[in-house]
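Engineer: Here is a sequence with its predicted model. Questions after.
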Amino acid sequence: MVPVYKKVRLRFKKTGNAKFISHLDLDRTMKTVLTRAKVKVEHTHGYNPRPYLVFSLPTSVGTESLCEFLDIKVPEDTDISLIPEALNRNLPPDIRVLEAYIPESDFKEIKYAEYDITVISPVLSEELAEKTEALFKAPVIIEKRTKKTESGFMDCDITPNIYRLTAKYSDGKMLINTLVSAENATYMNPENVIKALDKYLDLDLSDPATCLYTVMRVAVYTNEKVNFM
Amino acid sequence: MFYKDTLLKQVLKPGRYTGGEYGQVIKDAAKVKCRWAFAFPDTYEIGMSNLGVRLLYGVLNKDDDVYCERVYAPWTDMEEQLIKYGLPLTSIETGTPLADFFDVFSIGEGEEALPEFSRLYIKMKKSGEYSRAAFLHEAAKLPGFYVPSLYDVSYNGDGTVKEYKPVYGDIPETVTKRIIGDLNTAYYPDMPVMPYIECVQDRITLEIMRGCIRGCRFCQAGMIYRPVREKDPVLLNEQAKRTYENTGYDEISLCSLSTSDYTGLRELTDGLLSWTDENMISLTLPSLRADSFTDELMKKISSVRTSTLTFAPEAGTQRLRDVINKNLTEEEVLKACRVAFAAGKTAVKLYFMIGHPTETDEDIKGIAELAKSVINCFYETENRPKGKPLVTISVACFIPKPFTAFQWEGQNTLDEYKRKQRLLGSFCNDRRIKYNYHDADGSLIEAVLARGDRKLCKVMKAACEHGMRFDAWTEYFDFGKWMSLFEECDIDPAFYANRERSVDEVLPWDIIDCGVTKSFFRREREKAYKGETTESCAENCAGCGANKLGGECRWCPSIKK
């Protein structure tokens, strides 16, 4: 008898050192974690069977996230309320599964992502925070990787894909909150904001003795600007 | 303040340095009595793949008083950053720096030896007897510990070793290798650290036996891991299952020097296949000898996933295979390939070496001819798959190694190796043969280091000071730099690599007793030159001497007094 599977969505967060796990490595980690936790999942039926795992929007290495999604397929009779705890027992502390549920939406419906970016540098000031906000009101040209040109790079204005950006200075830190496109064709990597600060405001953040920036994906939204679930 | 994150964002694969993996052991450093920084001289991905490191990390941390942390070589980009900001190299677990060089070598298998070393350290610390010098002196009395500073070396006028002399009367004149007597009761790492980033060996490595019953005369591993000890197949099956449940890996690789010589192979593979298939776990059996490769084994390894099959005839003609004591006939190689072709394979890989003692151009030609016979064998296989066959031949340069019958041999010169490589290339005029060969330059450097003595320490030091790193990685290997280092240090590489030693010369490694006797190596060398073979341990005891070390050996006759 062919077993019947149901699709289950896991919402998880990935913080701390886990931000340095690349997308491919996260995929590998999750595969072994599911086995350790004895969560049976459907495998692909090809020559090289592998568990059926589908992740939403990968983050780039170094970005933390409070809203990662992973779809798996489990046998119909699985009690999915037990899955988060079973997985968390087998996950490193920096990755936590927050909930498991039967999804009603598709990853394609994700249109926007919201990020909190925290910047630490000795040269910060209220004035710089104002300049930062103002910067993104005019075109901001960043060099992007592309297959379209011979050099492998092309200049792009990133502001059409930034829908909101606020910057506040407080207590030696600059806190940036931004809402950007998360759609396939116009996806905006939040690291571009850091690149723009370096290029236009001379804010070099490469010295570990004085500088730090952190990027955290705090929410993703659908077309209707409601939280994606 | 120092923001490590900022630094990690500027290096490749930061996951190499962050730690925090599932299975990592964290202890309170203030509460333990003995701390180890277990340093592996290569990158994280290589070190994490090493079964020995996994094993010793586990065995040391089993002891509550002892804390073993891991240290890996930083990649060159990270090293640059560490130097730029004046940061020390630290362990993965606690970020503690390490500073000094080696004082002592543990010779042989470490599962019992290293915990004894910890106990000695804790005991001397507690009683107040501890000083570096006193500790090293006591450590040298433990079986299997070699403290180089406690052995003086003198040299003859021609640069060869005159003698090794212990500094104290109460330490052994030679250091005898340690072995684990009964592998069934030995520690097995069933909960290894699970790396985030992809490592070279990302699977369960199940060690089924130590030692090898074959006596290939070029092979160091086949000698220094003697006597042959096997593990119980029922126990192995349980350990594999437990490790699978603890790790979630989807591949089990049986590990030994010659998997098909393991007497419990059928029972073990049957046991494993009773639960691996349904869990989508693939089974890999590396180190299979062609003469034992059967339909049954082929089916077992191909039940979930399969990769290319590799056999190692090592030499192209029967005469030379007898010289190196490979004990493998051409018909056996072809039979194994037929099994593979009948099972749907179109590609096989064959390993060879050039530069064996007594080798002639006929033997070189023999390599290409054997490859051609394999191609013909494909077309003669009735139920072969569609398409063209591909035979890959990988040809390495022979490097004479200590503790082998060929430890006295001179290596072929670079010119000779290059000539032989070109010659073989000229015979490989068939597009169904893919000819790969190793860089001869690297083999020369390896040959120098493999049979070096303490005079080479200054070369190593100079190499380090010149910023040479990761020389085993092709992108960093620079032959010219090595040659100029040898010149700078007044070292003649030919003295170490190409010189044939006289059989009564004191060899730098005579300080170590690996169990197998020098007289056995001498006998084997004489037989090699006569083209005579030696039977495997399973057929007849050749009297290598390793049984004096004891152990639950399947094949060894009782210990000779």
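Structural biologist: Perfect, I can see it now.

Engineer: and stretch A:3-22, which residues are buried?
Structural biologist: A:5, A:8-14, A:17-22 (16 or more other C-beta atoms under 10 Å in any protein chain shown). C-beta: built from backbone N, CA, C; applies to glycine.

Engineer: now, which of these sits nearest A:R50?
Structural biologist: Taking C-beta to C-beta as the measure, A:R50 lies nearest A:Y5 of the buried residues of stretch A:3-22, at 14.9 Å.

Engineer: Model confidence for that closest one, exactly?
Structural biologist: The predicted local distance difference test score for A:Y5 is 95.

Engineer: Ok, A:N223 next?
Structural biologist: We note a pLDDT of 83 for A:N223 in this prediction.

Engineer: Determine the longest strand present in chain A.
Structural biologist: Counting residues, the longest strand in chain A under DSSP state E turns out to be strand A:63-75.

Engineer: Which strands border it, and is each parallel or antiparallel?
Structural biologist: Its sheet considered, strand A:63-75 pairs with strand A:5-14 (antiparallel), strand A:54-55 (antiparallel), strand A:212-222 (parallel) by DSSP bridges.

Engineer: How about residues contacting stretch B:315-329?
Structural biologist: Counting by C-beta atoms under 8 Å, 6 or more residues apart in numbering or on different chains, the neighbours of stretch B:315-329 from elsewhere in the structure are B:214-218, B:289-291, B:313-314, B:330, B:352-353, B:356-359, B:362-370, B:405, B:524, B:527-529, B:531-536.

Engineer: same check, this time on stretch B:10-20
Structural biologist: The set of residues external to stretch B:10-20 that reach it, using C-beta under 8 Å, 6+ apart, is A:16-18, A:20-22, A:25, A:61-62, A:92-94, A:206, B:8, B:43-45, B:72, B:74-75, B:77-78, B:81, B:92-93, B:195-197.

Engineer: How about A:R89: what's its closest non-neighbour residue?
Structural biologist: Nearest residue to A:R89, sequence neighbours excluded (C-beta to C-beta, 6 or more residues apart in numbering or on different chains): A:A37, at 6.7 Å.

Engineer: Check whether the one you found really touches A:L87, as I assumed.
Structural biologist: Yes - the pair formed by A:A37 and A:L87 meets the contact definition of C-beta atoms under 8 Å, at 5.0 Å.

Engineer: re earlier: how about the CA coordinates for the longest strand of chain A, as CSV?
Structural biologist: What follows is the C-alpha trace of strand A:63-75 in CSV, where atoms were taken according to Å, rounded to 0.1, in the frame of the first residue of the first chain:
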residue,chain,number,x,y,z
THR,A,63,21.7,37.0,8.4
GLU,A,64,19.6,35.9,11.4
SER,A,65,15.9,35.2,11.1
LEU,A,66,12.8,34.9,13.3
CYS,A,67,10.6,33.7,10.4
GLU,A,68,12.0,30.8,8.4
PHE,A,69,9.7,28.2,6.9
LEU,A,70,10.2,24.6,5.9
ASP,A,71,7.7,22.3,4.3
ILE,A,72,7.9,18.6,4.9
LYS,A,73,5.6,15.7,4.1
VAL,A,74,4.7,13.3,6.9
PRO,A,75,2.5,10.3,7.1
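
Engineer: from the middle of its chain, how far away would that strand be?
Structural biologist: With C-alpha atoms, centre = their mean, to the nearest Å as the basis, strand A:63-75 stands 11 Å off its chain's centre.

Engineer: What residues sit buried inside the following helix or strand past that strand?
Structural biologist: Moving toward the C-terminus from strand A:63-75, the first helix or strand encountered (DSSP states H and E) is helix A:83-89. Buried residues in helix A:83-89, counting neighbours by 16+ other C-beta under 10 Å, are found at A:I83, A:P84, A:A86, A:L87, A:N88.

Engineer: Contacts for helix A:83-89 next, please.
Structural biologist: Contacts to helix A:83-89, defined as C-beta under 8 Å, 6+ apart, come from residues A:8, A:10, A:33-34, A:37-39, A:74, A:96-100.

Engineer: same check, this time on stretch B:103-122
Structural biologist: Against stretch B:103-122 from outside (C-beta under 8 Å, 6+ apart): B:33-34, B:36, B:52, B:55-56, B:59-60, B:62-63, B:65-66, B:130, B:132, B:135-136, B:138-140, B:142-149, B:175-180, B:186-187, B:210, B:512, B:514.

Engineer: rerun at 7 Å
Structural biologist: The contact list for stretch B:103-122, computed with C-beta atoms under 7 Å, 6 or more residues apart in numbering or on different chains, reads B:33-34, B:55-56, B:59-60, B:63, B:65-66, B:135-136, B:138-139, B:142, B:144-147, B:149, B:175, B:177-180, B:186-187, B:512.

Engineer: Now the buried members of the residues you listed.
Structural biologist: Buried residues within the contacts of stretch B:103-122, defined by neighbour count using 16+ other C-beta under 10 Å: B:33-34, B:55-56, B:59-60, B:63, B:66, B:135-136, B:138-139, B:142, B:144-147, B:175, B:177-180, B:186, B:512.

Engineer: and chain A, which of the contacts of stretch B:103-122 contact it?
Structural biologist: The residues of the contacts of stretch B:103-122 that also fall near chain A, by C-beta under 7 Å from any C-beta of the partner chain, amount to none at all.

Engineer: ok, back up a step: dump the buried residues of stretch A:3-22 to TSV, plus distance to A:T29.
Structural biologist: Shown next, in TSV, are the buried residues of stretch A:3-22 (distance: C-beta to C-beta, whole Å):
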residue	distance to A:T29
A:Y5	22
A:V8	18
A:R9	18
A:L10	13
A:R11	17
A:F12	11
A:K13	14
A:K14	10
A:N17	12
A:A18	9
A:K19	13
A:F20	12
A:I21	7
A:S22	10
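
Engineer: now stretch B:414-429: how far from the chain's centre is it?
Structural biologist: Averaging C-alpha coordinates over stretch B:414-429 and over its chain gives two centres that are 27 Å apart (C-alpha atoms, centre = their mean).

Engineer: same deal with stretch B:31-40?
Structural biologist: Put simply, stretch B:31-40 sits 24 Å off its chain's centre (C-alpha atoms, centre = their mean).

Engineer: pLDDT averaged over it - what is it?
Structural biologist: Average pLDDT, stretch B:31-40: 93.

Engineer: swap in stretch B:156-175?
Structural biologist: If you average the per-residue pLDDT over stretch B:156-175, you get 96.

Engineer: Give the buried residues for that stretch.
Structural biologist: Using 16+ other C-beta under 10 Å, the residues of stretch B:156-175 that count as buried are B:T160, B:V161, B:Y164, B:P166, B:I171, B:P172, B:V175.

Engineer: next one: stretch B:34-42
Structural biologist: When neighbours are counted by 16+ other C-beta under 10 Å, the buried residues of stretch B:34-42 are found to be B:C34, B:R35, B:W36, B:A37, B:F38, B:A39, B:F40.

Engineer: go on, stretch B:466-474?
Structural biologist: Across stretch B:466-474, burial judged by 16+ other C-beta under 10 Å covers B:M468, B:F470, B:D471.

Engineer: As CSV, these with distance to B:G344 would be great.
Structural biologist: Formatted as CSV, the buried residues of stretch B:466-474 follow (distance: C-beta to C-beta, whole Å):
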residue, distance to B:G344
B:M468, 46
B:F470, 39
B:D471, 41
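
Engineer: how many neighbours does the one residue in chain B that gets nearest to chain A have?
Structural biologist: Using C-beta to the nearest C-beta, B:G248 is the residue of chain B that sits closest to chain A, at 3.2 Å. Burial measure for B:G248: 22 neighbouring residues, criterion other C-beta atoms under 10 Å in any protein chain shown.

Engineer: Then the one 3 residues further on?
Structural biologist: Look at B:E251: counted by other C-beta under 10 Å, it has 18 neighbours.
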